[in-house]
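*Asks:* Here is the input, now give the coordinates:
(2 chains, ligands or ions: 1)
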Amino acid sequence: MFGKKTKSAKSLFETEALVHTDALYRVALRMTKNASDAEDLVQESLLKAYKSFDRFEAGTNAKAWLFRIMTNTFINTYRAKQREATSVSFDEVDDNFLHSQLADLPTGTGDPEKDFFNKILDKDVEEAIDKLPEEFRVVVVLAFYEGFPYQEIADILGIQVGTVKSRLHRGRKILQKLLWEYARGGDGKSKEPAES
Amino acid sequence: MNCREAFAKLYEYLDKELGEDDKKHLEQHLEFCSDCLKKYELEEEFNKVIKQKLCCQPDVTHLKNRIREQIDRIDASSQPRNILFLLMPLLAAAIIMLVIFIPSGKGSDPQAVLLAMRPFADEHTKCLQHILKYDVESTNPAVVKAGMAQFPDLPEELFAATPADISIQAAAVVHSPSSDDVNFDFKAFGEDVSVFVLPRDTVDKSPFKKVERNGKAFYIGSCPFYQYVIWACEAHECVAVSKLSQSQLVNFALIF
Ligand SMILES: [Zn+2]
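*Replies:* From the prediction side, this is the model:
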C-alpha cells in the first residue's frame, strides 16, 4: 500500500512545494540580500519542508506553510549573519511625504507624478527595499511580491494582523521617501530623514 | 467618514482588505473629496509601479535540480523518515485488524471486544508512529531480499519468484517494543496488497472462515474496506490485507 504512496509523496512535493521555488527565491533574495545566501536559504527551507512533509495537510495552503518555514529559517540562521546596513531611523516619514513633494514642484512642465515614476529603475526598487529595516522589509516583500493577504502574512510571521498593517504602511512610506531621493539624484544613503 | 479616517483606510482599500461597510463609506468619500481621491490615485500608481518593477521571474531551474538531488539523497539514505501520513489508510486498516483479531474469549459482545482492544490498538498506533526503520522500493524480489537481510528469520517463501502480474513494491519494518513487525507491499491483479509478517499464533483465527487449498489452510475475513487472509508462513504468520476479493486474495496467498 505505501510503496506506491512513497513514490507519490515525491510527486506531491513537486506539485505542492517545488512549484513555489521561484516565489521563495524572490523573497529570499530580498531577505538575505545576496544570491548565494538566498539559494541556500531556499534549499534549506525546502529540505526542511520535505522532511516534515507528513505534517503538511494536503489541500491546505502549501505556499504559506513554505514561507513560514523559510521565514523561521531566515530568522534563526541567516539573520545573525547579517549586518543591517541601515541604522537609520525612519520614524518620522510623513504620511503625506510623496504627495506634498509632488505638489510642491513648480507646475507647468508636464506631469511631475509621471516623471517621478518614470525615473524609478528596477534596481532602485530592489535597493530601496534592501534598505528597509528587516521587520518592514519582510512584510513589504511578502505583500508586494507574493500578494499574500494580511492575515496570511500575520500567520507566516507569527504576528498580529494590526502589526502587519502598520509595518506595511510604514514600509511603503519609507520606500516612497527613498525612491523620491533616488529619483532626485540622491543616493538615499546620505539623505537621512532626520530633516523632517 | 472624514478625510483623516479615509486616509487611514487607503492602504487597506488598495490591498482589498477592507470590509464591505468601510469600503462603501470610503468609496462614497472618494466620490466627493478630490483631495483624498488624488492621494489614493498616487498610492495606487505607486503600488502598481513597484509591483511591475518587482515582477522578475528568476531562473531557478538549477536550484530546483539541486534540491531534487538532495531529496533523492535523503530518500536513499537509511535515515529514519516519518512517512506516517502516507500510512494513514494502512494505519486505519491495522487498527481495525487488531480490533478484530484479538482473541476476545468474552463471548460475542463487540463493544466489550472493542473496549478490551483499546489499549492494544493505541499501543500499536504508537508503534507505527515509530519511524520506519527500513523502506525499500523495488519490483525485484532479490533487491528486497538483500535489503531485508538485516532482519533474519523472515519466511524464505516471501522472496519466491512471483508471477508477472504480481510485484513487490515496497518492504518496511515497523519497530514495536516487542518485535520488529515486517510489512511488504505488493501489487497484485492491479490492486495494492499489504502483507504483515507476524510471529506464529499472534492472531486468533477461530472467528474466521477457514479454507483449504493445496493442502494449506487459509483463514479469510473482512473489515469494512478490506479483505484479509491469514496463512502460516514457516515460523510466522502472514496477513494479507487488500481491497481484492477474498478469492483473489487466497489466490495471491497461494503463490507463496
Ligand atoms: Zn477627503
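*Asks:* For the residue nearest to the spatial centre of chain A, pull up the helix or strand it's in.
*Replies:* In chain A, the C-alpha nearest the mean C-alpha coordinate belongs to A:Val141, at 1.8 Å (Cα atoms, centre = their mean). Using DSSP states H and E, A:Val141 falls within helix A:134-144.
*Asks:* before we move on, the earlier item: per-residue confidence at the residue nearest to the centre of chain A?
*Replies:* Listed pLDDT for A:Val141 reads 92.
*Asks:* Disregarding residues adjacent in the polypeptide, which is nearest to it?
*Replies:* Excluding the flanking residues, the one nearest A:Val141 by Cβ to Cβ, 6 or more residues apart in numbering or on different chains is A:Arg30, at 4.6 Å. Where C-beta positions appear, they are placed from N, C-alpha and C, glycine not excepted.
*Asks:* ok, residues contacting whatever helix or strand the one you found lives in?
*Replies:* A:Arg30 is part of helix A:21-32 when elements are defined by DSSP H and E. Applying Cβ atoms under 8 Å, 6 or more residues apart in numbering or on different chains, the contact partners of helix A:21-32 are A:35, A:37-39, A:41-42, A:45-46, A:63, A:66-67, A:70, A:74, A:78, A:82, A:126, A:129-130, A:134, A:137-138, A:141-142, A:145-146, B:54, B:56-58, B:60, B:63-64, B:67.
*Asks:* List buried residues within these.
*Replies:* Those of the contacts of helix A:21-32 that meet the buried threshold are A:37-39, A:41-42, A:45-46, A:63, A:66-67, A:70, A:74, A:78, A:126, A:129-130, A:137-138, A:141-142, A:145-146, B:54, B:60, B:63-64, B:67, by 16 or more other Cβ atoms under 10 Å in any protein chain shown.
*Asks:* hang on, the earlier thing: if we check the ion, which of the contacts of helix A:21-32 are in contact?
*Replies:* The subset of the contacts of helix A:21-32 within reach of the ion, by Cβ under 5 Å from the ion, is empty.
*Asks:* Which ones among those lie within helices?
*Replies:* With DSSP state H as the criterion, helices contain A:35, A:37-39, A:41-42, A:45-46, A:63, A:66-67, A:70, A:126, A:129-130, A:134, A:137-138, A:141-142, B:54, B:63-64, B:67 from among these.
*Asks:* Got the domain ranges for chain A?
*Replies:* Structural domains assigned to chain A are A:7-82, A:90-183, following automatic domain parsing.
*Asks:* from the middle of its chain, how far away would the shortest one be?
*Replies:* The gap between the average C-alpha position of domain A:7-82 and the chain average comes to 15 Å, counting by Cα atoms, centre = their mean, to the nearest Å.
*Asks:* What's the mean pLDDT across that domain?
*Replies:* Domain A:7-82 carries an average pLDDT of 84.
*Asks:* for stretch A:173-183, same thing?
*Replies:* On average, stretch A:173-183 scores 88.
*Asks:* now the longest helix along chain A and helix A:134-144, what's the angle there?
*Replies:* Longest helix in chain A by number of residues (criterion: DSSP H): helix A:161-183. Put simply, helix A:161-183 runs at 90 degrees to helix A:134-144, going by axes from the mean of the first three to the mean of the last three Cα atoms, to 10 degrees.
*Asks:* Tell me if helix A:161-183 is near chain B.
*Replies:* Yes - using Cβ under 8 Å from any Cβ of the partner chain, we find that helix A:161-183 touches chain B at A:165, A:168-169, A:172, A:175-176.
*Asks:* Just the CA atoms of the helix holding A:Val141, as PDB, please.
*Replies:* Provided in PDB are the C-alpha atoms of helix A:134-144 (Å, rounded to 0.1, in the frame of the first residue of the first chain):
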ATOM      1  CA  GLU A 134      14.200  43.900   8.300                       C
ATOM      2  CA  GLU A 135      10.800  44.000  10.100                       C
ATOM      3  CA  PHE A 136       9.400  46.200   7.400                       C
ATOM      4  CA  ARG A 137      11.300  44.600   4.600                       C
ATOM      5  CA  VAL A 138       9.900  41.100   5.100                       C
ATOM      6  CA  VAL A 139       6.300  42.300   5.300                       C
ATOM      7  CA  VAL A 140       6.600  44.500   2.300                       C
ATOM      8  CA  VAL A 141       8.200  41.700   0.200                       C
ATOM      9  CA  LEU A 142       5.500  39.200   1.200                       C
ATOM     10  CA  ALA A 143       2.800  41.700   0.300                       C
ATOM     11  CA  PHE A 144       4.300  43.200  -2.900                       C
END
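*Asks:* Just list what that helix packs against, helices and strands only.
*Replies:* Counting by 3 or more Cβ pairs under 8 Å, 6 or more residues apart in numbering or on different chains; DSSP states H and E, the packing neighbours recorded for helix A:134-144 are helix A:21-32, helix A:122-131, helix A:150-157, helix A:161-183, helix B:34-54.
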